[in-house]
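1. quick one, fold the following:
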Amino acid sequence: MPERSRRPPGRAFSVANHGIQDKTRGSIVTVAHYLPCTTFGGQFAEAMEREKIGISALRVRRREVIYGCADRGKSLYLVKSGQVKATLTSRDGKECLLGIYASNEFFGESCLLETSYRETATAMTDTELWRVSTAWMKSALCDPRLRDGFIAHLANRIFSQQMLITDLVTADSEYRLAAVLLYLGRKLGQRDGNILRIQARITQEELSAMVGTTRSRVGFFLKRFREAGIIRRNRQCFLALDEDRLKQYIEAERD
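-> This next block holds a predicted model:
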C-alpha cells in the first residue's frame, strides 16, 4: 500500500499558478541547513601529495564497488573528484542511502575502529580517490591542525546523521525530499545565482533510499515540485533547483 503524505499539525502547503502558497509559520531544522566541512579535507590532500608510504591513488568507474559491507576495514578514502554513495541493506533487502560524498570528503572512517565496514561504498560517477591506510591516518592526526579538522569533520558527520534521523521521525516524506534536494543542491550543485544545478544523475531509487519512502512517492513529489517551479530539468544539467523556493517550502511561515 503506497505511503500517504502526512502533514504535521498546523502546517500546510499548496501549489497554485505554478507558485508557492504558504499557510504556516515557524521553521524546521533539517539536514539541508548543514554542509560537510571540506576545508580540512583539502589540508589532508596537501599532506597526501607529499607522502609516498601508506597513500595510494585509486580510480574507479561508475557503479564500481569500492568496498562492501563486512569487508575488513583497512583504509579510509578521500574523494579527489567524482561522487561516492554509501548504502546499507536490511535483511529483507531494503536499501538505506547513508550519504553521498564529493570532492575533499572522507568516507570509510569506521576502519579506525579496526573492524569491518558496516556499509557498502559505490562510485556514482567515474571517481578518483586517495586510499589512506589506518597507520598513516593515525600518524597524521599527531598534527594538531589535522587532528582538530578531523574532529570537526566527525562532529559534523554525527550531527548531520542526527538531523536525518530527526527528519525521518518528525517530518513527512514530501518535506524530507525537499530537504534532501536542498542538501544535495548545496553540496553537489553548481551555483548560478539562485539556481543550484546538479550535473550528476541521481536516480529516484537513490532519492527514495535517502528519504525513506517509495520510488513512486518520490516521482509524485518531484512532479509537484516541477509544477510549482521549485525544480526543473534541462539539457544543461540533470536537475536545477530554485534555492529560495526550496527554502520557502522547508521553512514555511504561519500567517
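
2. now the protein, which segments are flagged as low pLDDT?
-> Scanning the chain with the threshold set as pLDDT under 70 gives 1-41, 51-52, 253-255.

3. what do you get if the cut-off is 80, keeping everything else the same?
-> For the chain, applying pLDDT under 80 flags the ranges 1-54, 164, 167-168, 234-236, 252-255.

4. hang on, isn't residue 210 packed against residue 97?
-> Yes: using CB atoms under 8 Å, residue 210 is in contact with residue 97, at 4.5 Å. All C-beta spots, glycine's among them, are computed from the backbone N, C-alpha and C.

5. how many other residues sit next to residue 246?
-> Using other CB atoms under 10 Å, residue 246 has 24 other residues around it.

6. check which helix or strand covers it.
-> Element membership for residue 246, per DSSP states H and E: helix 243-250.

7. what's the answer for residue 59, then?
-> Per DSSP H and E: strand 55-60 holds residue 59.

8. for stretch 191-203, what is the distance to the chain centroid?
-> For stretch 191-203, the separation from the chain centroid amounts to 14 Å (computed by CA atoms, centre = their mean, to the nearest Å).

9. one more: stretch 45-61?
-> Relative to its chain's centre, stretch 45-61 lies at 24 Å (CA atoms, centre = their mean).

10. what does stretch 63-83 give?
-> 16 Å.

11. can you give me the end-to-end distance of that stretch?
-> In stretch 63-83, first residue to last residue: 10 Å (CA to CA, to the nearest Å).

12. same thing with stretch 69-78?
-> 18 Å.

13. show me which residues of that stretch are buried.
-> Neighbour-count burial for stretch 69-78 flags 73, 75-78 (criterion: 16 or more other CB atoms under 10 Å).

14. same thing with stretch 231-238?
-> By 16+ other CB under 10 Å, the buried positions in stretch 231-238 come out as 231, 237.

15. got it, and stretch 146-164?
-> 146, 149-150, 153, 157, 160, 163-164.

16. and for stretch 210-230?
-> So for stretch 210-230, counting by 16+ other CB under 10 Å, buried means 210-213, 217-218, 220-222, 224-225, 228, 230.
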